[in-house]
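Peer 1: Show me how the following folds:
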Amino acid sequence: MTGDAFRSLYTRLRDGARRADPRGALRHLTPERVVAAAARVRLGRTVSLAAPVDTRLGPDNPEPAEHRMLAPAAGETGAKGLHFALDRIAMNVHGDATSHLDALCHVLYDGELYDGVPASTVTPEGARALSVDLVAEGIVGRGVLLDIPRLRGVPWLEPGDWVTPDDLTAAEAAQGVRVSPGDLLFVRVGHRRRRDELGPWDVARERAGLHPDAVAFLAERQVSVLGGDGNNDTAPSVVADVAFPVHVLAIHALGVHLMDYLQFEELAPACADAGRWDFLCTVAPLRVPGATGSPVNPIAVL
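Peer 2: Below is the predicted model:
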């Protein structure tokens, strides 16, 4: 995609989205749609969409999360009386091995955030607008999983490959599901399965994701949240001089919250066993004032 074509797509999506709403695309997720999503629960089965927090140094994890035990102290495990086990976790929220949610303040483009908010509102003390505070009450709605490797008959998409709008509509038809306004859309490319079976690699250089044209699908269906088992963006980027075009289009133009580096290796077979690819989904970000994102453990309820 040329730079001019990307700019044209960005302008079309931005101008077509209703602005002046700090919730962004979450405006499509109405209370009525939450109630309808809850009514979709049939089995009462819960499935996590998050990968385990990775504390190992690797080519895709140069800043691994730190998990350090603080207590009990030596000798306390066998001592009488009351003692506590304590630990501490520290992490790069937006790391390439961490399941996380991107707030609407995460993407700065042309000196602005989503909806024309000045980028200067992101300060060393935190973001004064469009931070993860917007979803402090959580996100609950109808989740839909579109499994692209299943559609193509492969275990995963190879790094550098991308998902097109035609892939998304073909997956809908193959799985007997349709993405609707307010949905939380999850697109599987098989990133986590490839990592588990072949080992980690430098995903900053090469990874599977969505083609920028696929973001028009999100706008047409009025999707509220997009989640992927990779970064959602393909690498190398298909757009010259824009390293993360899907992030720019989804977050900055449409106001769609993104979730990166989830994992669907339990969800996909659970959906297949249940014979349905939609479910109630709950997302509970940490309440960190002014944060640009949060680690998350989304839960699907079938």
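
Peer 1: mind checking how far the residue of the chain positioned farthest from its centre is from Pro72?
Peer 2: The outermost residue of the chain relative to its centre, with distances by C-alpha atoms, centre = their mean, is Lys80 at 46.1 Å. Distance of Lys80 to Pro72, computed by C-beta to C-beta, to the nearest Å: 13 Å. Bear in mind the C-beta positions are built from the backbone N, C-alpha and C, glycine included.

Peer 1: just Arg45 next, same as before
Peer 2: Arg45 sits 36 Å away from Pro72, taking C-beta to C-beta as the criterion.

Peer 1: Repeat that for Val296.
Peer 2: For Val296 relative to Pro72 (C-beta to C-beta), the value is 30 Å.

Peer 1: again with Arg207
Peer 2: 41 Å.

Peer 1: Those two - which one has more neighbours?
Peer 2: The residue with more neighbours, out of Arg207 and Pro72, is Arg207; 27 against 14, by other C-beta atoms under 10 Å.

Peer 1: Please name the residues that touch the more buried one.
Peer 2: 159-160, 191, 230-231, 233-235 (C-beta atoms under 8 Å, 6 or more residues apart in numbering).

Peer 1: Once you drop chain neighbours, what's closest to Val163?
Peer 2: Closest residue to Val163 apart from its sequence neighbours, by C-beta to C-beta, 6 or more residues apart in numbering: Leu210 at 4.8 Å.

Peer 1: bridging residues for that neighbour?
Peer 2: Per DSSP bridges, residues listed as beta-bridge partners of Leu210: Val163, Asp233.

Peer 1: In this structure it contacts Asn232, no?
Peer 2: Yes. Using C-beta atoms under 8 Å, Leu210 is in contact with Asn232, at 5.8 Å.

Peer 1: Give me the common contacts of the two.
Peer 2: Taking C-beta under 8 Å, 6+ apart as the contact rule, the neighbours common to Leu210 and Asn232 are 187, 246.

Peer 1: Name the SS class of the residue most central in space within the chain, please.
Peer 2: In the chain, the residue lying closest to the centroid (C-alpha atoms, centre = their mean) is Met259, at 1.2 Å. Assigned by DSSP: H, G, I helix; E, B strand; the rest coil, the conformation of Met259 is strand.

Peer 1: I'd say it and Gly230 touch.
Peer 2: No. Met259 is not in contact with Gly230 according to C-beta under 8 Å; the separation is 11.0 Å.

Peer 1: re the thing from before, of the contacts of Arg207, buried ones?
Peer 2: Neighbour counting over the contacts of Arg207 (16 or more other C-beta atoms under 10 Å) leaves 159, 191, 230-231, 233-235 as the buried ones.

Peer 1: Could you tell me the end-to-end distance of stretch 285-293?
Peer 2: 8 Å (C-alpha to C-alpha, to the nearest Å).

Peer 1: for it, what is the average pLDDT?
Peer 2: The average pLDDT within stretch 285-293 is 97.

Peer 1: how about the helices in the protein?
Peer 2: With DSSP state H as the criterion, the chain has helices at 3-16, 31-38, 148-152, 165-175, 191-198, 215-221, 245-247, 267-274.

Peer 1: just those helices: most buried one?
Peer 2: Burial of the helices of the chain is given as mean neighbour count (mean count of other C-beta atoms under 10 Å); helix 245-247 ranks first at a mean of 25.

Peer 1: Show me the contact partners of that helix.
Peer 2: By C-beta under 8 Å, 6+ apart, helix 245-247 touches 1, 6, 102, 106-107, 209-210, 212, 214-215, 232-234, 237-239, 258.
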